[in-house]
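> Here is a sequence with its predicted model. Questions after.
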Amino acid sequence: MRTAHVARQTKETSVDVKINLDGTGAIDIDTGVPFFDHMLSQLGKHAGFDLTVKTKGDVDVDSHHTVEDTSLAFGQALREALGDKSGIRRFGDAMVPLDEVLVQAAVDLSGRPYLVHRQPEIVELIGTFDTTLGRHIWESIVAEARIALHVRVLEGRNAHHVFEAQFKAVARALRDACAIDNRVSGIPSTKGVL
């Protein structure tokens, strides 16, 4: 089983993440930030990962620390669950529409963190959620997962749809990249390591 359990403790947050890459999309998310819960639910469900996330954070200050630390823990869990990455497809991409929004995501489970993120200007709040955290979520996941991720919003104006389509597109790209490919023997790299 390709699973991981990551617990992250700081003075600002307590995060517990469990992931099973070979799951069925079973999700149990509670970060104390409802919109972020909704986005992480999209990620787990559409990637086909079993994902449990429990975070207690200083949301009385704002949601920044909670969102950042949860994203870092998710990235670490993804990296640990992949192990040495033997037999994986390594690359994945997806084009996902959500009404007026169209998002393209591509991922390389390369061991090298790099993010390219493009989205249009959107409102600063979705309910009480600070949309300026969007890019930072991906930066945090990429840093700990050590993956290269490109996310481009090609069309869209509704902020909720812009966020949700990104999470769905990244989920589908990860699902493909993490999949076991029976034609791959060992590590899918001429370097012999990812």
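Done, it's in. Not measured: the values here are computed from a predicted model.
> buried ones in stretch 50-67?
Across stretch 50-67, burial judged by 16 or more other CB atoms under 10 Å covers 50-55, 57, 59, 63-67. For every residue, glycine as well, the C-beta is placed using N, CA and C.
> now the helices: where do they sit in the protein?
Here the chain has its helices, by DSSP state H, at 34-47, 64-82, 134-145, 159-178.
> With L102 as the reference, name the closest of those helices.
Nearest to L102, of all those, is helix 159-178, at 7.3 Å by CB to CB.
> Show me what that closest one is packed against.
When contacts are defined as 3 or more CB pairs under 8 Å, 6 or more residues apart in numbering; DSSP states H and E, helix 159-178 packs onto helix 34-47, strand 91-98, strand 101-108, strand 125-126, helix 134-145, strand 148-155.
> Can you say which of those is nearest to S14?
That would be helix 34-47 among these, by CB to CB, at 15.6 Å.
> Packing partners of the closest one?
Using 3+ CB pairs under 8 Å, 6+ apart, helix 34-47 sits against strand 27-30, strand 50-57, helix 64-82, strand 129-130, helix 159-178.
> The same query, at a cut-off of 6 Å, please.
Secondary structure elements in contact with helix 34-47, counted by 3 or more CB pairs under 6 Å, 6 or more residues apart in numbering; DSSP states H and E, are strand 27-30, helix 159-178.
> any idea of the mean pLDDT in that helix?
The average pLDDT for helix 34-47 rounds to 98.
> Need the buried residues of stretch 50-67 in a markdown table (columns: pLDDT).
Below are the buried residues of stretch 50-67 laid out as a markdown table (pLDDT from 0 to 100):
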| residue | pLDDT |
| --- | --- |
| D50 | 98 |
| L51 | 98 |
| T52 | 98 |
| V53 | 98 |
| K54 | 98 |
| T55 | 98 |
| G57 | 97 |
| V59 | 96 |
| S63 | 97 |
| H64 | 97 |
| H65 | 98 |
| T66 | 98 |
| V67 | 98 |
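> pretty sure V162 is in contact with G156, am I right?
Yes: in this structure, V162 is within contact of G156 by CB atoms under 6 Å, at 4.7 Å.
> Give me the common contacts of these two.
Listed as contacting both V162 and G156 by CB atoms under 6 Å, 6 or more residues apart in numbering are V101.
> which one of the buried residues of stretch 50-67 is nearest G127?
Ranked by distance to G127 (CB to CB), the buried residues of stretch 50-67 are led by S63 at 10.8 Å.
> Please report the distance of that closest one from D37.
Computed as CB to CB, to the nearest Å, the S63 to D37 distance reads 11 Å.
> S140 too?
Taken as CB to CB, the span from S140 to D37 is 16 Å.
> These two: which has the busier surroundings?
Neighbour count, other CB atoms under 10 Å: between S140 and D37, S140 has more, with 22 against 17.
> For stretch 173-186, give the mean pLDDT please.
Regarding stretch 173-186, the rounded mean pLDDT is 96.
> Okay, and the beta partners of I180?
Listed beta-bridge partners, I180: I88 (assigned using DSSP bridges).
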